[in-house]
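[1] Mind looking at a prediction? Sequence and model below.
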Amino acid sequence: MSQIIISDQSIAISEIFGPTIQGEGALVGVPTVFVRTGGCDFRCSWCDTLYAVEPRFKADWAPMSAAAVMAEVQRLSGGQPLLVTLSGGNPALQPLSELITRGQDQGYTFAIETQGSKAQPWFALLDHLTLSPKPPSAKMSFNAARFADCLEAAGPHTQVSLKLVIADEADYQWAREFAADYPGLPLTLQPCNPAPAMPEQPELETDLADLNARLRWLVDKVTADRWFNARVLPQLHVLIWNNERGV
Ligand SMILES: C[S@@+](CC[C@H](N)C(=O)[O-])C[C@H]1O[C@@H](n2cnc3c(N)ncnc32)[C@H](O)[C@@H]1O
Ligand SMILES: Nc1nc2[nH]cc(C(=O)O)c2c(=O)[nH]1
Ligand code: SF4
Ligand SMILES: [Mg+2]
C-alpha cells in the first residue's frame, strides 16, 4: 500500500463517465471510466472536446477533491477496480497525485491522455502515459524540451505510447519524421475527425463514410511506405456513438 499524499488542492472536473471502452490508442477496447479535467494550455483547430478547453466553459468545471472523484469512479464501476483514464482538456495541468495513489490503493489502474506540453512528477505513478503531440494541422507549436520532460517523468512501470492524429498529407509526413525519433515507443496513428461536435452544436453528426475514407487513405499510406511499426486505428467510440458526449 502506497502512502497517500493528501493535498488541499481541488481538481477542475469537466465530467466523469463510464464505464465505457477506451476508444483510442494502445488500450483501445479496454473497459474504463473517464475522468475529464477542465482547462487546456492548447486550443487545437480540430479539438473534439472544446467544452473542457475553452475558458468560457469554466463555470461548468466543478472543483472536486481526490476523494470525491474516487467516490464517483467507485460508484460508476460498482466498486470493481478497473482502468481509470484521465483526459481533458490537459489533465497534466491538475494536481492528480492523490487521486492516483488513492485509486491504486483500491486496485484501480491509471492511464492519462496528454499532449506532452507539461510534465508532472506524478507521471511516474501512472500505469499508462499516452502522449499525443500535435501535427501541423492543429496549429499549435511543439516544444521539444517539454516533450522530453514528459518522457523523462514516466516511471519504471509506466507504459508510454504515442498517439498521432493525422488530418492530411503534411501531418502524415510530420508523423513519419516525428516517430523516427522514438523507435522504441508503441505508436498509433488516428485519422482526424474533421467535424467533431461543437459546444454550440452538440447535435452535429460526423459523416462516418468520410471518416472511413480517411482511415482507408491512412492505411494505404502506411502499407505503401511499409511503415510496419505504426498501428492505424479509428476513434472506436466515434464509430459506435458518433459525436455523443460522455461515452
Ligand atoms: C481531447 S484530447 C484530451 C487530452 C489531451 N489534451 C491531448 O490532446 O492528448 C484526447 C485525444 O483526442 C484527440 N483528438 C482531439 N480532437 C480530435 C479530432 N477531431 N479527431 C481525432 N482525434 C482528436 C487528441 O489528439 C488526443 O489524442
Ligand atoms: N470511449 C472514449 N474513448 C476515448 N479515448 C480518448 C477520449 C478522450 O476524449 O480523451 C475518449 C472518449 O471521450 N471516449
Ligand atoms: S490539447 Fe487536447 S484537449 Fe487541448 S485543445 Fe488540443 S486536442 Fe483539445
Ligand atoms: Mg475525445
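    Cool, the structure landed. Ligands and ions are numbered 1, 2, ... in the order given.
[2] Thr20 contacts Val247, doesn't it?
    Yes - Thr20 lies in contact with Val247 (CB atoms under 8 Å); the separation is 5.4 Å. Heads up, the C-betas are built off the backbone N, CA and C, glycines and all.
[3] anything in contact with each of those two?
    The contact sets of Thr20 and Val247 overlap at His237 (CB atoms under 8 Å, 6 or more residues apart in numbering).
[4] quick one, strands of this structure?
    11-21, 31-37, 62-64, 83-87, 109-114, 128-131, 159-166, 187-191, 230-232 (DSSP state E).
[5] What strands line up against the fourth one, and which way round?
    Applying DSSP bridges to the sheet, strand 83-87 is found paired with strand 31-37 (parallel), strand 109-114 (parallel).
[6] List the buried residues in that strand.
    Within strand 83-87, the residues scored as buried using 16 or more other CB atoms under 10 Å are 83-87.
[7] Give me the mean pLDDT for that strand.
    What strand 83-87 shows for mean pLDDT is 99.
[8] which outside residues touch that strand?
    So strand 83-87 is contacted by 22, 27, 30-37, 49, 73, 96, 99, 103, 108-113, 127-128 (CB under 8 Å, 6+ apart).
[9] just the buried members of those residues?
    Buried, going by 16+ other CB under 10 Å: 22, 27, 30, 32-37, 49, 73, 96, 99, 103, 108-113, 127-128, out of the contacts of strand 83-87.
[10] filter these by proximity to ligand 2?
    Contacts with ligand 2 within these, as defined by CB under 6 Å from any ligand atom: 22, 34, 49, 113.
[11] What distance do you get for the second one to ligand 1?
    Relative to ligand 1, Phe34 is positioned 10 Å away (criterion: CB to the nearest ligand atom, to the nearest Å).
[12] mind starting the numbering at 54 from now?
    Yes, from this point I'll number from 54; that puts the last item at Phe87.
[13] Quick one: residues contacting that residue.
    Shown in contact with Phe87 (CB under 8 Å, 6+ apart): 68-71, 73, 137-138, 140.
[14] Done for today, thanks.
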